[in-house]
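Novice: What follows is a predicted protein model with its sequence.
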Amino acid sequence: MNQLKLVSLGALVALLSFAVGTFASGPLPATAQTQPTTYQECFFGGQEPVDIDSSATVETPNQDRLIRVPSGWTVVSGGGNEDLGIILFCR
C-alpha cells in the first residue's frame, strides 16, 4: 500500500513539474525552416539509394549513385523510400 502511495505521489510531482515548466516557459513559436523562403525556382532530383545493412554499415556509392548539389542551388528537403531517394533543390 505504501508503494502505491509513493508511486502516485511521484507521478503527481512529475505532472505538476511538467505543468509548471510549461506554464513558466510559455508557448514556443513554430518554425519550419531558418533560411529565407525567397526561392524563385525549384526542382526534385531522384536517385537510387545505396544499401545500409542491419549493422548500419553504409555501402560505398559508385560515381553513378552520387548526387552533386549544383552550384547556386540549396538542398531544401529530402526523403524517399527503399526504391528511390528524392531531394528538393531550390535557388
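Specialist: Thanks, I have it. Numbers count the residues shown, from 1 in each chain.
Novice: Pull the distance from stretch 78-91 to the chain's centre.
Specialist: Centroid displacement of stretch 78-91 relative to its chain, using Cα atoms, centre = their mean, to the nearest Å, is 14 Å.
Novice: Check the burial of Glu48 by counting its neighbours.
Specialist: Applying other Cβ atoms under 10 Å, we find 11 other residues in the vicinity of Glu48. To be clear about C-beta, it is placed using only N, CA and C from the backbone, and glycine gets the same treatment.
Novice: Apologies, that question was intended for Gly85.
Specialist: 17.
Novice: Isn't it up against Gly78?
Specialist: Yes - here Gly85 reaches Gly78: they are 7.1 Å apart, a contact under Cβ atoms under 8 Å.
Novice: Not counting its own residues, what contacts stretch 84-91?
Specialist: Under the criterion Cβ atoms under 8 Å, 6 or more residues apart in numbering, residues 39-49, 67, 69-70, 72-80 lie in contact with stretch 84-91.
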